[in-house]
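Enquirer: Here is my input; please provide its structure:
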Amino acid sequence: MGHRLNIELTDGDDLLCSCVWHEAAYTDTALDLTEAIIKTYDDIFGESGADLFIAVKLFETLGGGIIGVERERLRKGSGEILEIVPARSVYEGIIGVTDDGIRDNRRWENGRVRIDLSGRIFDFHVHEYTYMEDYVEFCDSVPGCIPWEELPRIEASWDIFNGLYFDHIPMVRRIIEQCPYGFRLKNGDVVEWM
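Expert: Now for the predicted structure:
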């Protein structure tokens, strides 16, 4: 079925909604979607703060929609009248707006991006974290694997992709481009792209 990406939009600690895409939890694709959400938010809603309506509209601009069960949950649980775009395909995005819908999206995910719209920060977890010993053992058994010693080393800890500011997108893109197979952290463990 492919890698599934789940992007969650928040207002500070308040989780507004999420959207899961099939075949999108690849590092480059996930970064492109993250950048598109941030750019759209800045261009259209940037001064409006963050709420459920804005979060849903951001996902809809990328093709996301809400499935029937979630539409019913939203209608029953919301005092607001929202124009609800129905989901067309798991490849275009399924938006979760209720606790159950968000939980369902998390069950599907292989990678997650969490974007705090009001705080203007994001966490980018669309990579594999592998202990050095496991990576070396794996590479010894797989032809064509990039040896641990040949991976670039970055002076960073395991949480390098937590709490990034919106304007750090180019930095993340540079790391991906300069380390196309991943990189070693200062403790020797490996970050591999999906």
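Enquirer: can you give me the helices for this protein?
Expert: 27-40, 52-61, 68-77, 99-108, 132-141, 169-178 (DSSP state H).
Enquirer: Can you say which of those helices is nearest to Gly188?
Expert: helix 132-141 (4.0 Å; CB to CB). Heads up, the C-betas are built off the backbone N, CA and C, glycines and all.
Enquirer: How far does the closest one sit from its chain's centre?
Expert: 27 Å (CA atoms, centre = their mean, to the nearest Å).
Enquirer: And for stretch 87-99?
Expert: On CA atoms, centre = their mean, the centre of stretch 87-99 falls 14 Å from that of its chain.
Enquirer: Contacts for that stretch next, please.
Expert: 17-24, 52, 56, 59-60, 62-67, 70, 73-74, 77, 101-105 (CB atoms under 8 Å, 6 or more residues apart in numbering).
Enquirer: Could you report the neighbour count for Glu137?
Expert: Residues contacting Glu137 under the criterion other CB atoms under 10 Å number 12.
Enquirer: what pLDDT does it get?
Expert: Note for Glu137: predicted pLDDT of 95.
Enquirer: what domains does the record give for the protein?
Expert: Domain segmentation of the chain under automatic domain parsing yields 4-125, 127-169+180-193.
Enquirer: lowest-confidence stretch among these?
Expert: domain 4-125 (a mean of 88).
Enquirer: Show me how far that domain is from its chain's centre.
Expert: 10 Å.
Enquirer: before we move on, what about stretch 173-192?
Expert: 18 Å.
Enquirer: Send me stretch 141-150 as PDB with only the CA atoms.
Expert: Taking C-alpha atoms only, stretch 141-150 is exported to PDB below (Å, rounded to 0.1, in the frame of the first residue of the first chain):
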ATOM      1  CA  SER A 141      24.100  -8.400   4.700                       C
ATOM      2  CA  VAL A 142      22.800  -6.100   2.000                       C
ATOM      3  CA  PRO A 143      24.700  -5.500  -1.300                       C
ATOM      4  CA  GLY A 144      24.900  -1.900  -2.300                       C
ATOM      5  CA  CYS A 145      24.200  -0.500   1.200                       C
ATOM      6  CA  ILE A 146      26.200   2.700   1.900                       C
ATOM      7  CA  PRO A 147      28.700   1.700   4.600                       C
ATOM      8  CA  TRP A 148      28.300   3.500   7.900                       C
ATOM      9  CA  GLU A 149      31.700   5.200   7.600                       C
ATOM     10  CA  GLU A 150      30.700   6.800   4.300                       C
END
